[in-house]
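Visitor: Sequence and predicted structure, then a few things I'm wondering about:
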Amino acid sequence: MIGGSVCNEKLSAGLIFAEGQHLTHQNKEALWDIFEAIGKNWSNTIYNSNNQRSSWYEMLKAKTENAPNYAGEYVNAIYVLNELYEMYGKEDAFKKLFFESGIDNDAPPTTRLAHCKIYVVNEFIRMQITAGGFKSWGTKNGGEQAKNYHGFLGGTRYNRLSRVRAYEPDTDNLKNDNT
Amino acid sequence: MKKQFDYVIVGGGVAAATIAKGLLEHKNDTSILILEAGPEIVAKDRRFWWDYITRGERPYTFTYDQKWEADSTGNIDYQTDGVRVKAYGGSTMHWGAWCLRFRPEDFNLFTNTGEGADWPIDYEDLEKYYNDAEAYLSVCGDNDANWIPRSKPYSVPPFQWTAADGEMIEAWEQLDVVYQDGDMDPGTKSKIKSGKMPIARYRKCMTTGTCKYCPIGGRFNAQYVLDDLKGDVRFVNFEVRVNSPVHKVNAESKANMDSVTYTDNLTGEEHTVCGDTVILASGAYNVPKLLRASKSKHWKDGIGNDNDLVGRFVVSHSMLNVVGKAKSNPNGWFQEYDFPTLMSHSYNTKEHQKKGKIFMFKNRTTPNTDIAKLMIEGKTREEIDEIVYGEMTVNIQAFLEEKGKYSNRLESKPGVDRFGLPQTTVHFSRTDEEMKNANDRLKLLEQIIEKMGLEVTSSRVDKPGGHHTTGTARMGTSPENSVTDKYMKVHETNNLYVCSNAAFPTGSAVNPTLTLTAMAFRLVEHLIEKN
């Protein structure tokens, strides 16, 4: 178990009620630190997470301007982060949160920490992987870099460049031709 | 509230949308009412999409049949839960958009095998409507393919095979189960060239992977067509009422229907609306239930049911499923799209009809690794790398054609579902021979997996289900062998039509929606000529 009294304070499992509540610019910047730390800790972005910033803002907007409103969850996550920063320092706080939280991801969240992990961290991870296109895998053994991922929104309708790693049949294989 | 229409259409899915569009474009002031039992669920909504991405939630799943609403009897469980969307737009809210034509032999199953039924029309009768349907749905496909006779090219080029398809393609070549091999007509030496899956890309598909809830309206959804029709100022007499389950078609004589009766689920009030023509476009489940529920002095056992055929001859697809495992995945391959890109029609030919044709395809999601889930579980980058390049699972699947049998029947059971429609029970059994044939086909799939150098870890025939149910109000040449005629008009009536998979006498081995859409185009032309 990580964190102190804030992280381990009991909460009901449902989404924290926040109808009518909005995020401030400072709130969003604090939350962006989580998103950016995901990219750093798993090295799953090409350079950093900045190319996903507008998508991430759009998700925050969709999640806080439509019911059910996530603003309460996002503010709770900032409280949790602040306590973790204080206890472990910023860099280690994220390592604790991502790798040592002890939270059961399949169980109803009943603490502030569990709310932060399930409603914020886990969702940010999913968003980063899908919107990021899963582009940092495939090259380990000299292979072609992955281009797409389920949920990655990219490409155009009449794209000339393949949006995926494509299979090109061997043109010498005459069995492919009609007889 | 208006109570008299030229056309009353029951059901708000692709068939209804296609018919309404065709009739309205022919004559702008045609009055049409669509009655949809389910609610309207917003498509293209960014919040719904983000919830799908981050939480895996889809907004329409609550409309799926629950176990208590739809069950089955017989020697095999018939999957009725989770297979159809009861909402404005129908099952195109969740379909995979695979758009394959039936093949010529599918229209002559009985003639060719002595089992099942023949259609009262041939492939040639439907071919030009297939062209219309493909253009309307914007189906992408390979114009070099010859697995089906076609008179017009696809309007959009096909998706490429993914790198992850390569090993299966090579296995098919080695086994002479080549995606491009197989005798189209036995003895002619004419080889089938197929391989790339035709998909309805509709308006602006950007080739990505959130097809189960598209945020940009790229995958065809009948809702978009209906929205366009409602918003078009030319079509002043077009109306859609949702939350409006129809429970009876009213006959003023044996031949003429004058109205339908439905309940407004929001007020509980019952309404009767008149239509010069009534079209049942509410799917292979609801059409037979509604026909049988529509009893009167003219139709004692329900409309079209004097010969006790309504709801019989249920046809489904059995899914064959073989999974293989490799010890490693050195290229970190995964199926980068969220739909299948590789298919084979080598066993979808006339010569395989007796035993049951199969349509093979590589599973739409394998190989794959849920990277995000591993991260959520706290796995490090190094641990995830081990998994990505480690064990790899590949799944090959096939739809197995089934033949309609008199004893297999879909009907109502007491009580209504959450949307006011009668609950369903399906009586469905397979014969020993069908099971044997299915298992024989599985062996072919197992060979492919083994040829890829994989170990077979699972091989099974899945239960049949409601995804592709057809046959429950099938077309034919007379009331003694069918419920509807070659224009899907209920026998012995003048103005009651079925535009649904229910009218298909056979189900082929491929997905039915393109054929249903083609039939809707054909019906529109018939109605325009008739009226």
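Guide: Thanks, I have the structure now.

Visitor: May I see the buried residues of the helix or strand containing B:L410?
Guide: B:L410 is part of strand B:409-416, with elements assigned from DSSP states H and E. The neighbour-count criterion (16 or more other CB atoms under 10 Å in any protein chain shown) identifies B:R409, B:L410, B:E411, B:S412 as the buried residues of strand B:409-416. (Each C-beta comes from the backbone N, C-alpha and C, glycine too.)

Visitor: Show the secondary-structure elements that it is packed against.
Guide: Strand B:409-416 is packed against helix B:283-293, strand B:422-427, with contacts defined by 3 or more CB pairs under 8 Å, 6 or more residues apart in numbering or on different chains; DSSP states H and E.

Visitor: Off-centre distance for the last one?
Guide: In terms of CA atoms, centre = their mean, to the nearest Å, the centre of strand B:422-427 is set 19 Å apart from its chain centre.

Visitor: That strand pairs with which strands, parallel or anti?
Guide: Partner strands for strand B:422-427, per DSSP bridges, with pairing direction: strand B:70-73 (parallel), strand B:409-416 (antiparallel).

Visitor: what are the C-alpha coordinates of that strand, in CSV please?
Guide: Extracted in CSV, the C-alpha atoms of strand B:422-427 (Å, rounded to 0.1, in the frame of the first residue of the first chain):
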residue,chain,number,x,y,z
PRO,B,422,-42.7,-10.3,-27.5
GLN,B,423,-40.0,-12.4,-25.9
THR,B,424,-38.4,-15.0,-28.1
THR,B,425,-37.7,-18.7,-28.1
VAL,B,426,-35.8,-20.5,-30.8
HIS,B,427,-36.2,-24.3,-31.3
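
Visitor: Next, the angle helix B:283-293 makes with that strand.
Guide: With axes from the mean of the first three to the mean of the last three CA atoms, to 10 degrees applied, the angle from strand B:422-427 to helix B:283-293 works out at 110 degrees.

Visitor: what does strand B:422-427 rub up against?
Guide: In this structure, residues lying in contact with strand B:422-427 by CB atoms under 8 Å, 6 or more residues apart in numbering or on different chains are B:65, B:68-74, B:78, B:80, B:247, B:285, B:289, B:293, B:314, B:407-417, B:466.

Visitor: So in chain B, which helix runs the longest?
Guide: What stands out as the longest helix in chain B, according to DSSP state H, is helix B:432-451.

Visitor: What helices and strands are in contact with the helix or strand just after that one?
Guide: If you walk from helix B:432-451 toward the C-terminus, the next helix or strand you reach (DSSP H and E) is strand B:455-461. Of the remaining helices and strands, those touching strand B:455-461 by 3+ CB pairs under 8 Å, 6+ apart are strand B:317-326, helix B:432-451.

Visitor: Single out the most deeply packed of these.
Guide: strand B:317-326 (a mean of 22; mean count of other CB atoms under 10 Å in any protein chain shown).

Visitor: Please pull up the helix or strand immediately following that strand.
Guide: As the chain continues past strand B:317-326, the following element, by DSSP H and E, is strand B:343-344.

Visitor: and the closest residue to B:L454 other than its chain neighbours, how far is that from chain A?
Guide: By the measure of CB to CB, 6 or more residues apart in numbering or on different chains, the closest residue to B:L454 outside its immediate chain neighbours is B:G324, 3.2 Å from it. Distance from B:G324 to chain A, counting by CB to the nearest CB, to the nearest Å: 18 Å.

Visitor: Equivalent analysis for B:K300, please.
Guide: When distance is defined by CB to the nearest CB, B:K300 is 51 Å away from chain A.

Visitor: and that residue, backbone torsions?
Guide: Summarising the backbone geometry of B:K300 under the convention degrees, to the nearest 10, its torsions are phi -60, psi -30.

Visitor: Let me see the contact set for it.
Guide: If a contact means CB under 8 Å, 6+ apart, then B:K300 has no contacts.

Visitor: Sketch out the helices for the chain, chain order is fine.
Guide: Using chain A. With DSSP H as the criterion, chain A has helices spanning A:25-42, A:53-64, A:71-88, A:90-99, A:112-115, A:122-132.

Visitor: actually it's chain B I care about, not the one you picked
Guide: Along chain B, counting by DSSP H, helices occupy B:14-26, B:46-55, B:109-113, B:123-137, B:166-174, B:222-231, B:283-293, B:371-376, B:381-388, B:432-451, B:513-530.

Visitor: of all these, which lies closest to A:M1?
Guide: When the helices of chain B are ranked by proximity to A:M1, the top entry is helix B:371-376, at 18.1 Å, counting by CB to CB.

Visitor: how about the residues of the stretch 351-500 of chain B near chain A?
Guide: The interface of the stretch 351-500 of chain B toward chain A, taken as CB under 8 Å from any CB of the partner chain, is made up of B:365, B:368, B:371-372, B:375-378, B:380-381, B:384-385, B:388-389.

Visitor: what's in contact with the longest helix of chain B?
Guide: With CB under 8 Å, 6+ apart as the contact definition, helix B:432-451 has outside contacts at B:168, B:171-172, B:174-175, B:177, B:318, B:320, B:322-324, B:347, B:355-356, B:358, B:360, B:394, B:396-398, B:400, B:402, B:430, B:456, B:459-461.

Visitor: switch to 6 Å and redo it
Guide: Contact with helix B:432-451 is made by B:171, B:174-175, B:318, B:320, B:322, B:324, B:355-356, B:358, B:396, B:400, B:456, B:459, B:461, as judged by CB atoms under 6 Å, 6 or more residues apart in numbering or on different chains.

Visitor: Make a PyMOL selection of the buried ones in those residues.
Guide: Selecting only the buried entries of the contacts of helix B:432-451 in PyMOL, with 16+ other CB under 10 Å as the criterion:
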select buried, chain B and resi 171+318+320+322+324+355+356+358+396+400+456+459+461
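
Visitor: so which of the contacts of helix B:432-451 would you say is closest to A:T111?
Guide: Where those are concerned, and distances follow CB to CB, A:T111 has its nearest neighbour in B:G324, at 42.6 Å.

Visitor: can I assume that closest one is in contact with B:G453?
Guide: No: B:G324 is not in contact with B:G453 according to CB atoms under 6 Å; the separation is 8.7 Å.

Visitor: quick one, what contacts the closest residue to A:C7 other than its chain neighbours?
Guide: When the adjacent residues along the chain are set aside, A:C7 lies closest to A:L113, with 3.9 Å between them (CB to CB, 6+ apart). With contacts defined as CB under 6 Å, 6+ apart, the neighbours of A:L113 are A:G3, A:C7, A:V80.

Visitor: do that again at 8 Å, thanks
Guide: For A:L113, the set of contacting residues under the criterion of CB under 8 Å, 6+ apart consists of A:I2, A:G3, A:C7, A:N8, A:V80, A:S101, A:I103.

Visitor: Check the gap between the first one and B:L226 for me.
Guide: I take that to be A:I2. When distances are taken as CB to CB, to the nearest Å, A:I2 and B:L226 turn out to be 52 Å apart.

Visitor: between those two, who's got more neighbours?
Guide: B:L226 (26 against 20; other CB atoms under 10 Å in any protein chain shown).

Visitor: what's the neighbour count on the residue nearest to the more buried one when sequence neighbours are not counted?
Guide: Sequence neighbours aside, B:A17 is the residue nearest to B:L226 in space, at 5.2 Å (criterion: CB to CB, 6+ apart). Using other CB under 10 Å, the number of residues around B:A17 comes to 32.

Visitor: ok, B:A17 touching B:D228?
Guide: No: in this structure, B:A17 is not within contact of B:D228 by CB atoms under 8 Å, at 9.2 Å.

Visitor: Check which helices and strands the worst-scoring helix or strand of chain A on mean pLDDT is in contact with.
Guide: Across the helices and strands of chain A, mean pLDDT, DSSP states H and E gives its lowest value to helix A:122-132, namely a mean of 89. Helix A:122-132 is packed against helix A:25-42, helix A:53-64, helix B:46-55, helix B:371-376, with contacts defined by 3+ CB pairs under 8 Å, 6+ apart.
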